[in-house]
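# I'll drop the sequence and a predicted model, then ask my questions.
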Amino acid sequence: MDIPSEIDSYAPRPRQGMDTAPTFPLRPVLCRAAYPILLLAVVSAAVVTLRYRLDFGQISVFFLIGTVVYLAALERLIPYDSGWHPNRGEWGWYGVYFLLTLLGGGLAQLSVMAVVGAVSPPDPVLVLWAEIPLALLLRSLACYLVHRFGHTRRWLWRLHGVHHVPEKVNVANNGVNHILDVMLGKGVAQLALAVAGFSQESVFVVGLFTIAQGYFVHANIDVRIGRLNYVLASPEQHRLHHSTDLSEAGHYGSDLSIWDLMFRSFTWHSGREPAAVGLQDPTSFPRTGAVVASLLHPWRRS
């Protein structure tokens, strides 16, 4: 496997729309600092919340909003492809899907909490510092499997394919999902952690990381993480996941990349970029703006 010796140069690439985009003076610095800043925010939010016993739900919502705002600003300062910026109409559609995604995640959480008392042990077995990496590995594996099945099982694809309709990849359309697809993915991940008996504290910390990673990998930003690609997921990998060329569209992990390496769905190498993103057959799904048709698509005749 070819492992790059260093992170590539951050000179702007001649992609669609780049010729009209202004050059940010500190672009190379911000390209390198953007991801460490995000990871530092995860650690800071976790430490402050646990130390001062803040409400996990409220902090998670604030952290989600802050992550989206931060990455949306980076998309304007250090875009990967300025042609992928959402237009005004797309912002409206994406906003509707974002609310549906939040609703689906909330419903999944309620469903899991209804059975947690019956399946999870009353007290955690491990100390927090040992729980967190194990909880992350379990949640990541559960999400990887659900995501991969979403691409390889016909009916699940009719749910998940809604996410792949846009011909752009940006932080705004990360929320373009079928509500049942969100409920399935979130529900399986949360239930796996509950059955394993992880504490609320470890689940909260892992949740912050997965929020940050989920939006980071989908962001239209020119950030490359070099050798870390063999441990963590990145925008470089996730753009390939959305490729119309299915031979390179692996990368089902949105937080860790180790499962893609283990299960042979890792296709990234330094400099590899998709020629186009979206559906291989654009006519197989309704367009993103047709929200109701997209939600009803799984029950329509093929």
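Noted; the coordinates are in hand. Numbering: from 1, shown residues only.
# give me the low-pLDDT residue ranges for the stretch 101-250 of the chain?
Scanning the stretch 101-250 of the chain for pLDDT under 70 picks out 113-122.
# Now do the helices in it.
For the stretch 101-250 of the chain, the helices defined by DSSP state H, counting those that start in this stretch occupy 128-152, 154-160, 179-196, 200-217, 235-241.
# Next, the buried residues of the longest one.
Applying a neighbour-count criterion of 16 or more other CB atoms under 10 Å, one finds 131-132, 135-136, 138-148, 150-151 buried in helix 128-152. Quick note: C-beta positions are derived from backbone N, CA and C, even for glycine.
# what number of residues lie near Arg264?
8 (other CB atoms under 10 Å).
# how much space between Thr288 and Trp155?
21 Å (CB to CB, to the nearest Å).
# for stretch 212-225, the distance to its chain's centre please.
8 Å (CA atoms, centre = their mean, to the nearest Å).
# Endpoints of stretch 187-203, how far apart?
13 Å (CA to CA, to the nearest Å).
# can you pull the buried residues of that stretch?
Buried, per 16+ other CB under 10 Å, within stretch 187-203: 187-194, 196-199, 201-203.
# ok, back up a step: wait, which of the helices of the stretch 101-250 of the chain is closest to Leu40?
helix 200-217 (10.3 Å; CB to CB).
# and that closest one, what does it pack onto?
With contacts defined as 3 or more CB pairs under 8 Å, 6 or more residues apart in numbering; DSSP states H and E, the packing partners of helix 200-217 are helix 27-51, helix 56-77, helix 128-152, helix 179-196, helix 235-241.
# And the contacts of it?
35, 38-39, 41-42, 45-46, 49-50, 56, 59-60, 63-64, 67-68, 71, 124, 128, 131-132, 135-136, 139-140, 143, 171, 174, 190, 193, 232-235, 237-238, 254-255 (CB atoms under 8 Å, 6 or more residues apart in numbering).
# how about a cut-off of 6 Å?
38, 42, 45-46, 56, 63-64, 67, 71, 128, 131-132, 135-136, 139, 171, 174, 193, 233, 235, 238, 254-255 (CB atoms under 6 Å, 6 or more residues apart in numbering).
# Could you do stretch 40-56 as well?
59, 63, 204-205, 208-209, 212.
# Turn the residues you listed into JSON lines, including distance to Tyr97.
JSON lines is the format used below for the contacts of stretch 40-56 (distance: CB to CB, whole Å):
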{"residue": "Ile59", "distance to Tyr97": "24"}
{"residue": "Phe63", "distance to Tyr97": "20"}
{"residue": "Phe204", "distance to Tyr97": "25"}
{"residue": "Val205", "distance to Tyr97": "27"}
{"residue": "Leu208", "distance to Tyr97": "22"}
{"residue": "Phe209", "distance to Tyr97": "23"}
{"residue": "Ala212", "distance to Tyr97": "20"}
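# Identify, from these, the entry nearest to His178.
Ala212 (23.2 Å).
# Report the separation between the closest residue to His238 other than its chain neighbours and His241.
Nearest residue to His238, sequence neighbours excluded (CB to CB, 6 or more residues apart in numbering): Val217, at 3.9 Å. According to CB to CB, Val217 and His241 sit 8 Å apart.
# what touches both of the two?
Joint contacts of Val217 and His241 (CB under 6 Å, 6+ apart) do not exist.
# Pull out the C-alpha coordinates of stretch 133-150 and format them as PDB.
Extracted in PDB, the C-alpha atoms of stretch 133-150 (Å, rounded to 0.1, in the frame of the first residue of the first chain):
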ATOM      1  CA  PRO A 133     -12.000   4.100  22.900                       C
ATOM      2  CA  LEU A 134     -13.900   0.900  23.200                       C
ATOM      3  CA  ALA A 135     -17.300   2.700  22.800                       C
ATOM      4  CA  LEU A 136     -15.900   4.500  19.800                       C
ATOM      5  CA  LEU A 137     -14.700   1.200  18.100                       C
ATOM      6  CA  LEU A 138     -18.100  -0.400  18.700                       C
ATOM      7  CA  ARG A 139     -20.100   2.500  17.500                       C
ATOM      8  CA  SER A 140     -17.900   2.900  14.500                       C
ATOM      9  CA  LEU A 141     -18.200  -0.700  13.500                       C
ATOM     10  CA  ALA A 142     -22.000  -0.700  13.900                       C
ATOM     11  CA  CYS A 143     -22.300   2.400  11.700                       C
ATOM     12  CA  TYR A 144     -19.900   1.000   9.100                       C
ATOM     13  CA  LEU A 145     -22.000  -2.200   8.800                       C
ATOM     14  CA  VAL A 146     -25.300  -0.400   8.600                       C
ATOM     15  CA  HIS A 147     -23.800   2.000   6.000                       C
ATOM     16  CA  ARG A 148     -22.300  -0.800   3.900                       C
ATOM     17  CA  PHE A 149     -25.600  -2.700   4.000                       C
ATOM     18  CA  GLY A 150     -27.300   0.500   2.900                       C
END
